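1. I'll drop the sequence and a predicted model, then ask my questions.
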Amino acid sequence: MILLIGFAFLAGVVTILSPCILPILPVVLSGSVAGGKRRPFGIVAGFVISFTLFTLFLTTIVKATGVSADFLRLISVAVVFTFGLSLLLPGFQAFTEKLFVGLARFSPTGGQGFSGGLLLGLGLGLLWTPCVGPILASVISLALTGSVSLAAFAITLAFSLGTAIPMFIVIYTGRSVLGRLQPYSALIQKTFGVLMILTAAAIYLNLDRKFQTFVLNVFPNYGLGLTRFENNPFVKNQLELLRATPMPETQIGRPMNELTDSALPDYGVAPGLILGGQWFNTDPITLESLRGKVVLVDFWTYTCINCIRTLPYLKSWHEKYSEKGLVIIGVHTPEFEFEKNPANVQKAIADFGLKYSVMQDNDYSTWNSYRNRYWPAKYLIDKTGHIRYTHFGEGEYDATESVIQQLLSLDMPIVNPSYQITAKTPELYLGSARRVPGYFTTTGVWDYSDEFAHPTAGATLTLDFESKDVFLVMRPQENLPGRVKIYLDDQELDTISVDSDKLYDLVRLPGPGRHDLRLEFLDSNLELYAFTFG
């Protein structure tokens with residue numbers, strides 16, 4: 001884990017060169033003008049605190065306070081605007097200096113600009129949205145569920161410290177250079193004031209994200225190598241350990257006691273099912289009411305292709321064993337905001353033909369009580385309410401069914417379809433929070449949010465993939481259908497209409513291989529979330 005923290009630190013150092021950072025460089029450079037000698041230290045300290053805090057706990061803060069992430073971003077914009085105004089207007093600068101002199105009483109380092117720099121750094125940390133690599137993306141995926149470990153905290157802190165070093169160098173070097181231009185200091189200060197005000201306005205209008213897109217369209221290879229050093233076997237192995245799903249702490253890795261099924265470990269009493277939305281195909285159920293039954297708890301979400309590929313096996317087990325004592329409960333824990341909509345979940349259940357019970361877990365309450373980390377994840381619970389078997393991801397269907405029979409005291413033939421995944425391209429998120437550059441290029445005008453990308457009419461996306469099938473999670477904006485023209489290896493394949501929030505099949509090939517996919521968007525009505533492959 002120490003080496004993983006080291007890799008995170010290096011990833012932070014190089015992120016200063018990321019195209020996603022360019023729009024807010026004026027804010028960083030503003031630390032070179034005005035304020036005392038301690039102002040750069042305040043900016044860096046504020047950035048480290050803010051970036052670490054909001055990366056790990058933004059979801060928790062939003063849920064606890066009801067304050068939206070967009071509102072917090074607006075506060076940061078206001079901070080940047082205020083500092084720009086203070087550089088531009090001497091009278092306003094005098095007012096802010098008096099304010100920060102008052103705040104300096106609460107600062108361990110006193111005045112000399114540290115408090116003002118600290119406030120600017122706090123705002124900067126919330127605006128800082130680097131094109132992160134696999135390490136920080138994994139931490140962000142944990143933070144989305146509210147599951148933050150000490151290791152995740154250490155990795156995020158290392159990343160922010162790594163980023164702070166070149167930031168500090170830029171600020172301090174700028175101060176040294178500008179110090180030689182003393183006769184022009186007033187003009188330079190006003191120029192930076194204008195730049196900060198324009199930056200604040202651009203961020204407010206989301207022009208910063210459009211600028212990022214413009215840079216990547218003009219220089220498509222810019223920034224591609226920044227995160228490649230993270231894609232090595234050691235980092236991947238450590239990230240798997242970071243995302244690993246342990247059982248309750250007192251029972252990790254060892255059985256509590258031996259019951260009649262002596263070959264199976266006993267991981268203790270299963271956590272309950274915590275209501276986080278509607279129930280489907282049944283009235284609300286408690287695990288206590290199912291004593292004497294064997295229960296399979298399946299964590300899934302309806303746009304996850306890995307989950308979708310497990311559904312035929314679950315449906316088969318429900319048909320074969322429901323009358324013999326098996327109860328399957330699908331715990332639908334959303335990955336994207338629109339998956340919280342009960343109407344969307346109900347439609348997905350009907351489309352997939354699921355007859356077993358499904359509950360919504362919109363607040364991640366049941367997910368967190370199981371300390372789960374994966375879609376899909378299966379927990380088999382015996383007749384006494386103890387967890388006896390777990391499996392995460394796809395595959396192992398024969399083994400899972402064998403345990404079902406063992407817990408039901410049955411001996412029946414097991415004949416499941418053969419399981420094979422040939423895709424070599426990983427799942428790709430298109431939102432700015434988890435997007436990893438280098439896998440696809442775009443043209444035209446795009447807007448980005450944390451969760452999705454929004455192409456405008458005429459925009460294109462080109463993807464080099466290696467798999468048999470390609471899927472894309474999409475949803476129409478404001479209930480207006482959108483159309484996408486699909487090209488495979490420069491040959492027009494199809495035009496599809498997107499009229500609901502779900503996973504869409506783009507390409508189905510006879511066998512796996514490497515191909516070029518190009519999507520042309522015929523209108524401005526779509527939100528794109530994630531590519532998956534099979």
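-> Done, it's in.

2. Mind listing what's buried along the helix or strand where residue 28 lies?
-> Element membership of residue 28, judged by DSSP states H and E, is helix 25-29. Buried residues in helix 25-29, defined by neighbour count with 16 or more other C-beta atoms under 10 Å: 26-29. C-beta here means a position set from N, CA and C on the backbone, and glycine is covered the same way.

3. Run through the neighbouring helices and strands of that helix.
-> helix 114-127, helix 150-179, helix 185-204 (3 or more C-beta pairs under 8 Å, 6 or more residues apart in numbering; DSSP states H and E).

4. who touches it?
-> 43, 80, 120, 124, 127, 167, 170-171, 174, 192, 195-196, 198-199 (C-beta atoms under 8 Å, 6 or more residues apart in numbering).

5. What's the mean pLDDT across stretch 430-441?
-> Stretch 430-441 carries an average pLDDT of 77.

6. Next, the distance between the ends of that stretch.
-> 11 Å (C-alpha to C-alpha, to the nearest Å).

7. Quick one: distance of it to the chain centre.
-> 11 Å (C-alpha atoms, centre = their mean, to the nearest Å).

8. One more: stretch 4-24?
-> Taking C-alpha atoms, centre = their mean, one finds stretch 4-24 lying 17 Å from the centre of the chain it belongs to.

9. What is the nearest of the buried residues of helix 25-29 to residue 76?
-> Of all the buried residues of helix 25-29, residue 76 sits closest to residue 27, with 9.6 Å by C-beta to C-beta.

10. ok, now which ones touch residue 516?
-> 462-465, 488-490.

11. ok, now with 10 Å
-> For residue 516, the contacting residues are 462-465, 487-491, by C-beta atoms under 10 Å, 6 or more residues apart in numbering.

12. Give me the buried subset of the residues you listed.
-> 463, 465, 487-488.

13. Now, these that are in strands?
-> Residues of these located in strands (DSSP state E): 463, 465, 487-488.

14. among those, which two are most distant?
-> 465 and 487 (13.0 Å).

15. Determine the residues that are contacts of both of those two.
-> 516-517.

16. which among the contacts of residue 516 gets closest to residue 326?
-> Closest to residue 326, out of all of these and judged by C-beta to C-beta, is residue 465, at 37.8 Å.

17. In terms of model confidence, name the weakest of the contacts of helix 25-29.
-> For the contacts of helix 25-29, the weakest pLDDT value sits at residue 127, with 72.

18. And for it, the neighbour number?
-> 22 (other C-beta atoms under 10 Å).

19. quick revisit: ok, so of the contacts of residue 516, who is nearest residue 413?
-> The closest of the contacts of residue 516, once distances to residue 413 are taken by C-beta to C-beta, is residue 465, at 37.9 Å.

20. nearest residue to that closest one other than its sequence neighbours?
-> Among residues not flanking residue 465 along the chain, residue 425 sits closest, at 4.5 Å (C-beta to C-beta, 6 or more residues apart in numbering).

21. tell me the contacts of the one you found?
-> By C-beta under 10 Å, 6+ apart, the neighbours of residue 425 are 439, 463-467, 470, 514, 531-533.

22. again with residue 388
-> Contacts of residue 388 by C-beta under 10 Å, 6+ apart are 255, 259, 261, 263-267, 270, 294, 379-382, 403, 406-407.

23. before we move on, could you check phi and psi at it?
-> phi -120, psi -10 (degrees, to the nearest 10).

24. List the single closest residue to it in space, sequence neighbours excluded.
-> residue 264 (4.4 Å).

25. cool, residue 412 as well?
-> In space, residue 412 is closest to residue 405, 6.1 Å off (C-beta to C-beta, 6+ apart).

26. for residue 464, same thing?
-> With C-beta to C-beta, 6+ apart as the measure, residue 516 is the residue that lies nearest to residue 464, at 5.8 Å, once sequence neighbours are left out.

27. Wait, a strand at that neighbour?
-> Yes - per DSSP: H, G, I helix; E, B strand; the rest coil, residue 516 lies within a strand segment.

28. still on that earlier bit, any of the contacts of residue 388 buried? List them.
-> Buried by 16+ other C-beta under 10 Å: 261, 264-267, 270, 294, 379-382, 403, 406-407, out of the contacts of residue 388.

29. The nearest residue to residue 41 once chain neighbours are set aside and residue 123, how far apart?
-> Nearest in space to residue 41, with sequence neighbours left out and distances taken as C-beta to C-beta, 6+ apart, is residue 114 at 6.2 Å. Separation of residue 114 from residue 123 (C-beta to C-beta, to the nearest Å) stands at 15 Å.

30. ok, what's across the strand from residue 466?
-> residue 514 (DSSP bridges).

31. measure it to residue 362 for me?
-> Residue 466 sits at a distance of 35 Å from residue 362 (criterion: C-beta to C-beta).

32. How about residue 264?
-> Distance of residue 264 to residue 362, given as C-beta to C-beta: 32 Å.

33. Check residue 313 too.
-> For residue 313 relative to residue 362 (C-beta to C-beta), the value is 25 Å.

34. can you check residue 180 too?
-> For residue 180, the distance to residue 362 equals 58 Å [C-beta to C-beta].

35. try residue 455
-> 28 Å.

36. the more surrounded of these two?
-> Set residue 455 next to residue 362 and count neighbours by other C-beta under 10 Å: residue 455 wins out with 27 against 19.

37. Could you verify my assumption that that one touches residue 483?
-> No - the pair residue 455 / residue 483 is not scored as a contact, 11.6 Å apart, by C-beta atoms under 10 Å.

38. any common contacting residues for these two?
-> 520-521, 523, 525-526.

39. what ranges do the strands span in the stretch 351-500 of the chain?
-> Here the stretch 351-500 of the chain has its strands, by DSSP state E, counting those that start in this stretch, at 357-360, 377-381, 387-392, 428-429, 440-443, 446-448, 453-455, 460-476, 482-488, 491-498.

40. still on that earlier bit, I'd like the buried ones among the contacts of residue 388 laid out as JSON lines, including pLDDT.
-> Compiled in JSON lines, the buried ones among the contacts of residue 388 are given as follows (pLDDT from 0 to 100):
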{"residue": "261", "pLDDT": "51"}
{"residue": "264", "pLDDT": "86"}
{"residue": "265", "pLDDT": "87"}
{"residue": "266", "pLDDT": "87"}
{"residue": "267", "pLDDT": "84"}
{"residue": "270", "pLDDT": "91"}
{"residue": "294", "pLDDT": "97"}
{"residue": "379", "pLDDT": "96"}
{"residue": "380", "pLDDT": "96"}
{"residue": "381", "pLDDT": "96"}
{"residue": "382", "pLDDT": "95"}
{"residue": "403", "pLDDT": "95"}
{"residue": "406", "pLDDT": "94"}
{"residue": "407", "pLDDT": "95"}
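
41. Of those, which is the nearest to residue 392?
-> residue 379 (9.8 Å).

42. Who does the residue nearest to that closest one when sequence neighbours are not counted form a beta bridge with?
-> The shortest distance from residue 379 to any non-neighbouring residue, by C-beta to C-beta, 6+ apart, is to residue 297 (4.4 Å). On the basis of DSSP bridges, residue 297 is bridged to residue 329, residue 379.
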